[in-house]
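Asks: fold the following, please.
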Amino acid sequence: MRYVLVDTDCGVDDALALGYVAHTEDVVLACVVSTWGNCTATEAASNAKYILDTAGAIDIPVVAGSPPKDSWRRGDAHGPDGLGNTEQRRPPWTGPQDAAERIVQFARDHAGEAEVLCIGPLTNLAAALTLEPRLPELLSRVVVMAGHGQNHDDWLNGVGDTNTRHNPQATQTVADSALPVVWVGIDVTRSVLLEDGDFGEDTLGRSLRRIHHAYGVQRGSTYGYDARVQWKVPAHDGVAAACLVDPLLAGLSTVPGRMTVVDDGRGPVLRRVGIGPHEVAQCIDPGSVRAMLRSAT
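Replies: Residues are numbered from 1 along each chain as shown. Got it, this is the predicted structure:
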């Protein structure tokens with residue numbers, strides 16, 4: 001049996017990733033923990049609970065992480081609530097808020113079988129490494145959506161990836177660790193563009209369509225298309241989820257790598273700087289990944 005914990009700052013693409021993992025039959029989504037990034041950790045927990053409930057996965061526990069650091073500033077890409085401000089208001093979070101401790105407990109409970117999908121800043125995972133130095137031995141795989149892997153260009157260098165930029169210190173802690181990490185960077189994830197027809201007509205599908213449509217219209221120019229003609233959304237976190245669920249079906253190709261955070265003056269960027277102990281995504285099959293994600297809705 002495969003046991004998965006998802007660590008998320010539950011924004012637009014996180015929502016699709018959560019729905020996809022929750023609907024994957026041969027994976028047990030054991031827990032979701034939240035961190036700050038697209039929104040606060042408590043807002044992300046409320047968002048994750050909303051998506052899971054909409055997906056019919058009402059029994060999966062959700063645990064919030066710590067408050068954001070003082071330097072954090074809310075971006076506008078995912079709307080004021082993290083989900084494009086399209087859904088009903090979620091109640092303030094009153095659930096547990098010990099995300100790092102929950103990661104450690106999950107790893108201990110499912111030692112050797114535990115997998116973690118990180119689709120937000122790595123605040124919780126870095127803290128869990130401090131709490132439990134044996135974490136690399138307990139986890140069988142960690143898939144992280146962050147970095148620029150193999151492919152560099154001016155657009156990537158300018159945009160960076162927000163998961164790294166929100167907490168570069170935590171990213172470097174994980175990059176320096178012995179965790180069994182697969183890094184799936186935005187150079188790979190941006191190759192999968194979702195549009196209206198990729199979302200179904202059930203409750204979850206309609207909700208995800210509204211969330212992604214708002215993001216697509218707002219961010220179209222950033223990704224080089226005219227949203228007035230046809231909106232499209234890069235499936236960043238969903239691609240990482242597909243790579244965790246079935247790397248062969250996703251067409252995932254990796255190279256051994258060592259990742260480090262560098263800053264050329266435009267903000268911290270996580271890059272592959274040579275051969276190392278981790279795996280770094282080189283490419284995926286966009287058509288296969290897109291089909292995989294459609295199965296979530």
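
Asks: which element is the closest residue to residue 80 other than its chain neighbours on?
Replies: The shortest distance from residue 80 to any residue that is not its chain neighbour, by C-beta to C-beta, 6 or more residues apart in numbering, is 7.4 Å, and that residue is residue 74. To be clear about C-beta, it is placed using only N, CA and C from the backbone, and glycine gets the same treatment. For residue 74, there is no enclosing helix or strand under DSSP states H and E.

Asks: do residue 260 as well
Replies: Counting by DSSP H and E, the secondary-structure element that holds residue 260 is strand 259-263.

Asks: what's the angle from the helix or strand just after that strand to strand 259-263?
Replies: Sequence order places strand 268-272 as the next helix or strand after strand 259-263, per DSSP H and E. Taking axes from the mean of the first three to the mean of the last three C-alpha atoms, to 10 degrees, strand 268-272 and strand 259-263 form an angle of 140 degrees between their directions.

Asks: count of residues packed around residue 252?
Replies: With neighbours defined by other C-beta atoms under 10 Å, the count for residue 252 comes to 24.

Asks: can you pull the contacts of it?
Replies: By C-beta atoms under 8 Å, 6 or more residues apart in numbering, the contact set of residue 252 is 182, 184, 243, 281, 283-284.

Asks: next: residue 84.
Replies: With C-beta under 8 Å, 6+ apart as the criterion, the residues that contact residue 84 are 12, 78, 210-215, 218.

Asks: out of those residues, which is nearest to residue 22?
Replies: Of all those, residue 22 sits closest to residue 211, with 15.5 Å by C-beta to C-beta.

Asks: so where does the closest one fall, helix or strand?
Replies: Here residue 211 is covered by helix 203-219, with elements defined by DSSP H and E.

Asks: so where is this structure shaky, pLDDT-wise?
Replies: For the chain, applying pLDDT under 70 flags the ranges 150-159, 220-225, 227, 297.

Asks: which residues of it fall in strands?
Replies: Assigned by DSSP state E, the strands in the chain fall at 2-8, 27-34, 62-63, 114-119, 139-145, 181-184, 193-194, 233-234, 253-257, 259-263, 268-272, 278-283.

Asks: can you list the neighbours in contact with the first one?
Replies: The one in question is strand 2-8. Applying C-beta under 8 Å, 6+ apart, the external contacts of strand 2-8 come out as 14, 17-18, 21, 26-35, 44, 48, 99, 102-103, 106, 109-110, 113-120, 122, 124-125, 237, 241, 244.

Asks: now restrict these to buried residues only.
Replies: Applying a neighbour-count criterion of 16 or more other C-beta atoms under 10 Å, the buried members of those are 14, 17-18, 21, 27-35, 44, 48, 99, 102-103, 106, 110, 113-120, 122, 124-125, 237, 241, 244.

Asks: circling back to that earlier point, most neighbours of all the contacts of residue 84, which one?
Replies: residue 12 (30 neighbours).

Asks: contacting residues for the spatially closest residue to that residue that is not a sequence neighbour?
Replies: Of all residues beyond its chain neighbours, the one nearest residue 12 is residue 215 (4.4 Å), with distances taken as C-beta to C-beta, 6+ apart. If you count contacts by C-beta under 8 Å, 6+ apart, residue 215 has them with 12, 77-79, 84, 233.

Asks: need those residues in a markdown table (columns: distance to residue 4).
Replies: Formatted as a markdown table, the entries for the contacts of residue 215 read as follows, by distance: C-beta to C-beta, whole Å:
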| residue | distance to residue 4 |
| --- | --- |
| 12 | 21 |
| 77 | 26 |
| 78 | 23 |
| 79 | 27 |
| 84 | 25 |
| 233 | 24 |
